[in-house]
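**Q** for reference, the sequence and a predicted model appear below.
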Amino acid sequence: MATPGANLASRLSGGGVGEEIYDLAARIFPICRSITGDGVRATLRELGGRAPIAVREVPSGTQVFDWTIPPEWVIREAWIKDPSGRKVVDFADCNLHVLNYSAPVRARLPLAQLREHVFTLPDQPDLIPYRTSYYAERWGFCMSHRQLEALPEGEYEVCVDSEFRPGSLTYGEVVKQGATADEVLLSAHICHPSLANDNCSGLALLATLANRLQAVETRYTYRLIFAPGSIGAIAWLALNRDRAARIRHGLVLSCVGDAGAPNYKRSRQGEAVIDRAMAHVLRHQAPGSRVLDFSPYGYDERQYCSPGFDLPVGLFQRSLFGTFPEYHTSADNLSFIAPEHLASSYDLIVAALDILEGDRLLKRTRPECEPQLGKYGLYGSVGGAPASPDRHMALLWTLNLADGRHTLLDMAERSGLPFASICAAADAALGAGLLVDAP
Amino acid sequence: MATPGANLASRLSGGGVGEEIYDLAARIFPICRSITGDGVRATLRELGGRAPIAVREVPSGTQVFDWTIPPEWVIREAWIKDPSGRKVVDFADCNLHVLNYSAPVRARLPLAQLREHVFTLPDQPDLIPYRTSYYAERWGFCMSHRQLEALPEGEYEVCVDSEFRPGSLTYGEVVKQGATADEVLLSAHICHPSLANDNCSGLALLATLANRLQAVETRYTYRLIFAPGSIGAIAWLALNRDRAARIRHGLVLSCVGDAGAPNYKRSRQGEAVIDRAMAHVLRHQAPGSRVLDFSPYGYDERQYCSPGFDLPVGLFQRSLFGTFPEYHTSADNLSFIAPEHLASSYDLIVAALDILEGDRLLKRTRPECEPQLGKYGLYGSVGGAPASPDRHMALLWTLNLADGRHTLLDMAERSGLPFASICAAADAALGAGLLVDAP
Amino acid sequence: MATPGANLASRLSGGGVGEEIYDLAARIFPICRSITGDGVRATLRELGGRAPIAVREVPSGTQVFDWTIPPEWVIREAWIKDPSGRKVVDFADCNLHVLNYSAPVRARLPLAQLREHVFTLPDQPDLIPYRTSYYAERWGFCMSHRQLEALPEGEYEVCVDSEFRPGSLTYGEVVKQGATADEVLLSAHICHPSLANDNCSGLALLATLANRLQAVETRYTYRLIFAPGSIGAIAWLALNRDRAARIRHGLVLSCVGDAGAPNYKRSRQGEAVIDRAMAHVLRHQAPGSRVLDFSPYGYDERQYCSPGFDLPVGLFQRSLFGTFPEYHTSADNLSFIAPEHLASSYDLIVAALDILEGDRLLKRTRPECEPQLGKYGLYGSVGGAPASPDRHMALLWTLNLADGRHTLLDMAERSGLPFASICAAADAALGAGLLVDAP
């Protein structure tokens, strides 16, 4: 039988995927998300229009390893009025203005005192920073440094109409059954508010992929997780230890929409199949891309790659978090991402999944010497010509390395040829009865 | 006892070996060879004047793995007469003019139709290409592109007086018994017609080596095979599975006479002793040489390194096949090869054989600390002098690494010293009773 | 319990160590040492003022592996008088003037005959060379080439008032007991006469380290050996096979006081912990330093790394022996070494010992996901900020790799962070109960 998942790429790709992802990212961009609360639910509803996302709720107070699910954060309004009574900062204009998870406050206070609760970026004076205070209770605002500097002395009125209440942490999950119970994990963080690249891009790409995966048969079962950063992944791992044990390959997605060249950070294991697959795809399809060694700083690969799990989960990004000036500021908006970059990321990820699906162990039916390829229609009949096309080389490599110990990815790596060429050669040789699956 | 094969190089080399090889290559150059037929027999007869070659015949129709020995090709004459009746192409002038294994034909036909059966090299318009059609029956001619372009319109008469008849595939074999039944395989293809580098050079070198090997005692048994490319090696492997299992090291030789720097392509195993020995020799003795990774495209290493055998057999060449403009053209003639290059190739191959013969596992009789070298006459007696000659370093390395786990080749590689220096040091230390063979 | 030896560096270092070493080196510089004799004893007496050195005597004639302890060399005076009766060379001026281990002589002879017994350095005509003749009995002098060339013809009177007598080979040993019987070996050769860098520097550094080690608790037992080169190390190994088996790490010290950048030569094992520790220290603390592969030429690592022992013992030097013009000449005097370079060498060696002492295997108490660092006071409470200081990264790496299979040195190597940062992070995490020792 043919491998169910082979040629996933051709069946999952197609015109307009970049625009499709961009439009979805644009729809969820305005929502104020945090690690808990209605923002996450509204986002999952929007994404759910695209794919059958199951919404999970983990009650506040639940112990998940070393952590406790925090109370749910409700944010209704937040503003600062200047001495003249004019609103100079309003959460309704931009949800970055409120310190994420800010405690409630209603007060009048002089400018000097207000400044202690205001975060700005002096080096990027026109941008509003994104700041959080999940686990230490405090109140605060974020604004542009230029605006802060222009505020007149006097008494200000501040209002953060927020609330911490027993509720739950919300995450979304799509499971697409495959031919086997072995799982591929794809995960994107859903806790950041109006930041387009970080991570409306990743959420929209994942939902779009979930949608298209429904239509195809796959070898692996795919688990797509839309969860708040850190605490969400920790909650999932704590509540799904059996499922975690079935994960064979995984990718965390974030910042997948900007113009930078792609980056892949290896899993803690370093040479896992997903690491090799992504490295292969980037080498062949993404000039200027880089493959980085694992580091325990980043996104939820930190949890998946913790020593108690050590799962083969890497991180795919375009520009690396923390390295581009728009990172965690109001400049990470919808003009910072573009359909073409989203489509490029999508294609690279699907190409890596195609390797996971198509990789297999084959062996020659008769391993001695080369077969007489002409008998099977696999060879041009005039010998002695100097040039040998890649297709022929792929066939020779496949027949030479099909000893039941080299996977197709091994063959692609050793030959330097694209995985797809090796797959095509293997298909031809399987069709001719020259190869069979190795047990 | 001394290793029988040690210092093979000094006993096999000697003045005039380049001329000796060149003269033999020149004698076999005019013969029209193919994968079967009298050309091979005539060539083996000529080579047999130099070395005791046993001629083997494998009947047409014999099944050898996936292949069948084809009918024997007889070629008597082949020519094209132009509309005026003048012979414009004649096999008698140059045996490249006929498509090798051409079917017989006798016909009159217009130029346009003739052109469909003519192979030329538009980019090298003065050269005649070499083309074959072993396994698809067709007739054809090869000529220079300039000549083809100059042919006037009109009716041409063509004749290929050839025949396919039940016969056999012919190959030659020299076996030189050594002290052990372990074998070194040396193999050169005999199927190309008048191409000097590819492979009159390899055949003549091999026959010359066979001749000189008769006179020396060796540790290994040497098997030298002069067989048609692909089908010849396949036939040998199919009919000699027991012998193949005794092959410990092997080299395929082709294109050993041109002015290019030497190249060695590793076996499929990649780090076999022959791979390391050739890499060592090229590094120390052949500036500008290169060591290439295995690839399943090339000469008969394709068969020896097929997964069912996976023998440690590499490929030695000077210029790489397919990369030099003379390759598979009438420019690969006797002026393209030279005695000095043939001698260089011979010396490098013999140096590698010297490593195979001399490599061994030694251990110190008393492994603690250094011996007092002066007691054994192995040390200059005035200490404190800054300079230490290579000879002394070779002795120190040999004594330090002689722990029963490092072979002499291991020592040469780790020390960066020539294998011959390590061997000389080992001989001195064996003579002094400081080393013994490790079991 | 805290590791007894952790932070050895801070407890062993301190102001003025360079001057302290230099002064001691200056005190032993004038003594005429050889592989046996009173010079060694006088040197050990001087060094013994600093540290509790046990003096060992191995009788002449004792068999130590392949060697025999030679008769003891007594040198009283040595001079050359020119035809006018003037002393032109006098051992009393510079002990390099006599061939070390010179046989006695008292003779009158013409200049031509005298020259056969005189060693000079024609390329460095102002310097007196250092030469020895331990194992071949001869007499001789060393002088500057310029002086030799200026000697007038005529009859010379020579006197070497030396004597070979049954006595012993002398070496010194300091043993500082640690918490375990596992040993760290530190060794410096004591056989060279007035050469400051080679090896008054190493002897003085070792004695100073011995002194300071007395005051601290260590995990390892430290064995510091001050022995004649080659024969001294061989004697120690022959007479202490049980102790040699307890050596876990070792360093040979020589030429540690000149201005050159430090060099470390790996042990024969190549990737022993001491090799990795020294490479780590040099990479982080010594710009321009180099790590060299093992070679069996050098100092007493030759004996420690002989195949019968194969101990993990490397060589630390500043300028490599044999490569600087002052090497083994009268220019290797007290102006060639300086307190600052001695202090630098000391600090680097202590930093490496600190790694040996502090390296350990830890594991997470709860290995799943990251701990909530804020709960333990190990995290700044405002998230989302882009910059992450090294201290935080060290903590994340330590928590991620603490799986009972990575030592702290493994973590430092993989993270690229200094060992001290990893140690500090591990201490913090141990203190918070997040880590425990792995069995």
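**A** All right, it came through fine.

**Q** so which bits of stretch A:260-274 are buried?
**A** A:260, A:262-269, A:272-274 (16 or more other C-beta atoms under 10 Å in any protein chain shown). Every C-beta, even on glycine, is put in place using the N, C-alpha and C of the backbone.

**Q** ends of it, what's the gap?
**A** End-to-end distance of stretch A:260-274 (C-alpha to C-alpha, to the nearest Å): 22 Å.

**Q** so how far is it off the chain centroid?
**A** 12 Å (C-alpha atoms, centre = their mean, to the nearest Å).

**Q** swap in stretch A:188-206?
**A** Mean C-alpha position of stretch A:188-206 versus that of the full chain (C-alpha atoms, centre = their mean) differs by 8 Å.

**Q** and what of stretch A:170-177?
**A** The chain centre lies 14 Å from the centre of stretch A:170-177; the measure is C-alpha atoms, centre = their mean.

**Q** so what touches it?
**A** When contacts are defined by C-beta atoms under 8 Å, 6 or more residues apart in numbering or on different chains, stretch A:170-177 is touched by residues A:36-37, A:40-41, A:44, A:47-48, A:51-58, A:190, A:210, A:213-214, A:218, A:221-228, A:232, A:235-236.

**Q** stretch A:268-277 now?
**A** Counting by C-beta under 8 Å, 6+ apart, A:248-251, A:264, A:266-267, A:291, A:293-294, A:296, A:301, A:305, A:310, A:312-314, A:352, A:355-356, A:359, A:409, A:413, A:419, C:400 sit against stretch A:268-277.

**Q** pLDDT on that stretch, on average?
**A** Stretch A:268-277 carries an average pLDDT of 98.

**Q** hmm, back to that, in strands only, show me the contacts of stretch A:170-177.
**A** A:54-58, A:221-227 (DSSP state E).

**Q** ok, the helix or strand A:Trp73 falls within near chain C or not?
**A** For A:Trp73, the element it lies in under DSSP states H and E is strand A:72-81. No - Strand A:72-81 stays clear of chain C (C-beta under 8 Å from any C-beta of the partner chain), getting no nearer than 13.8 Å.

**Q** what angle do that strand and strand A:54-59 make?
**A** 90 degrees (axes from the mean of the first three to the mean of the last three C-alpha atoms, to 10 degrees).

**Q** what comes up buried for strand A:72-81?
**A** A:72-75, A:78-81.

**Q** state the mean pLDDT of stretch A:241-255.
**A** Mean predicted confidence for stretch A:241-255 is 97.

**Q** for that stretch, measure first residue to last.
**A** End-to-end for stretch A:241-255, by C-alpha to C-alpha: 28 Å.

**Q** buried ones in it, by neighbour count?
**A** So for stretch A:241-255, counting by 16+ other C-beta under 10 Å, buried means A:243-244, A:246-255.

**Q** what's the most distant pair in those?
**A** A:Arg246 and A:Cys255 (27.8 Å; C-beta to C-beta).

**Q** which stretches of chain A form helices?
**A** Per DSSP state H, chain A carries helices over the ranges A:8-12, A:17-28, A:38-48, A:111-115, A:145-150, A:202-213, A:231-239, A:241-244, A:273-285, A:301-304, A:339-358, A:390-401, A:408-415, A:419-431.

**Q** mean pLDDT lowest where, among these?
**A** If you rank the helices of chain A by mean pLDDT, helix A:8-12 sits at the bottom with a mean of 79.

**Q** I'd like to know which elements that helix is packed against.
**A** helix A:202-213, helix A:339-358 (3 or more C-beta pairs under 8 Å, 6 or more residues apart in numbering or on different chains; DSSP states H and E).

**Q** per-residue confidence at the residue nearest to A:Leu206 when sequence neighbours are not counted?
**A** Nearest non-adjacent residue to A:Leu206, counting by C-beta to C-beta, 6 or more residues apart in numbering or on different chains: A:Ala188, 4.7 Å away. You'll see A:Ala188 listed with a pLDDT of 98.

**Q** ok, and the closest non-adjacent residue to the residue nearest the centre of chain A?
**A** What sits nearest the mean C-alpha location of chain A, by C-alpha atoms, centre = their mean, is A:Leu253, with 1.2 Å. Sequence neighbours aside, A:Gly202 is the residue nearest to A:Leu253 in space, at 4.0 Å (criterion: C-beta to C-beta, 6+ apart).
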